[in-house]
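> The sequence and its predicted three-dimensional model are supplied below.
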Amino acid sequence: MVSSSGSPRVDAESDFMRARRHQVLSALAARLRNDTDEVVQSLSFDEVVEALGRRAENYVGTKVIPLDAIVGSVDKVRDFDRRFRPTSARSRERWERLARANRTGEVIPPIEVYQIGDSYFVRDGHHRVSVARSMALDVIEARVTAIDTFLSPVGVDARADLELKYWRRLMLQRVPFTGEARAAVAVDDPFDYGIIAETVEAWAARTMHAEGAYLDRETMASRWYAEEFRPVVEMIEEAGVRGKDERPAAAYLRVACERYRLIREHEWNVEVVEAVTRKGGKRRK
């Protein structure tokens, strides 16, 4: 519990100054660690939705939500940091008015939030969240609208994670992998997803030309995984050319690029893998 001097006005002023001091110190420490972006700004709802892909939304109703699960904002990402401490004194008067109301037991209306997975983004009520956190509360009442996204929000802990999600979403919209394939075709470099999409589409074009039949995107994705990706990854494993921490999809791309660069070949067999390994396919550490 926060301390009380007996004067709500004085206490509210102290609450604000304490919140600002903690924000400034956190920002300074983050700058020294060279990760200011993660502390200075909360996550942007629009950026997260763009990265994950918006499908639908539905109003859930009013419920109590944990304050620690509120990670971002719809339109005030620069006004509050990730822990919803004010980043300036611009709204000090409003902040302190809400702090006094909290301390005197006034009824505070619910905030309005969007929910994506287990995380919440404030639509209305930023100052109420900030004050509640400064008073060491654990929960807050909120009107919740749930957002359904194309990709799962799991793994989005900071703005730096959004680029990887964004390019993965674009790849999956072009090449709709499902099940085992969806999980296996994953990389750590965002731009590799564009290369994967182009690789699959080029493979499908050659296959359609050879077979004289059209492949829809779902068939293209499932056949490429079964007939191209999985057998090649097995050969890479047998040849011992996948790095210790290298993802299978990254190993596939690396060896495939070396294959075409060195021998201008689209076919796969043990001899091709050995030739690529011998001529330039280095093992990644």
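The structure has been received and is ready for your questions. Note that the structure is a prediction, hence the values are computed from the model and not measured.
> Please enumerate the strands of the stretch 1-150 of the chain.
43-44, 54-66, 70-73, 111-116, 119-124, 139-149 (DSSP state E, counting those that start in this stretch).
> can you list contacts of whatever helix or strand A202 lives in?
Using DSSP states H and E, the secondary-structure element containing A202 is helix 192-211. Outside helix 192-211, the residues that touch it by Cβ atoms under 8 Å, 6 or more residues apart in numbering are 167-168, 170-171, 174-175, 185, 187, 214-215, 220-221, 223-224, 228, 249-250, 253, 256, 266. Yep, even glycine has a C-beta here, placed from its N, CA and C like the rest.
> tell me, what residue is most central in this structure?
For the chain, V156 is the residue whose C-alpha lies nearest the centre (Cα atoms, centre = their mean; 2.9 Å).
> Surely that one and E50 touch.
No - using Cβ atoms under 8 Å, V156 is not in contact with E50; the gap is 11.9 Å.
> residues shared between the contacts of these two?
What both V156 and E50 touch, as defined by Cβ under 8 Å, 6+ apart, is the set L162.
> now the closest residue to S44 other than its chain neighbours: how far from A160?
In space, and not counting its chain neighbours, S44 is closest to V77: 4.8 Å by Cβ to Cβ, 6 or more residues apart in numbering. Relative to A160, V77 is positioned 15 Å away (Cβ to Cβ, to the nearest Å).
> In the chain, which helix is the longest?
Identified as the longest helix of the chain according to DSSP state H is helix 8-33.
> That one - contacts with which helices or strands?
helix 36-40, helix 92-103, helix 126-134 (3 or more Cβ pairs under 8 Å, 6 or more residues apart in numbering; DSSP states H and E).
> count of residues packed around A202?
Applying other Cβ atoms under 10 Å, we find 12 residues neighbouring A202.
> just L32 next, same as before
9.
> what's the pLDDT at it?
The model reports L32 with a pLDDT of 74.
> Can you tell me how far it is from L25?
11 Å.
> quick one: low-confidence parts of the stretch 151-285 of the chain?
259-285 (pLDDT under 70).
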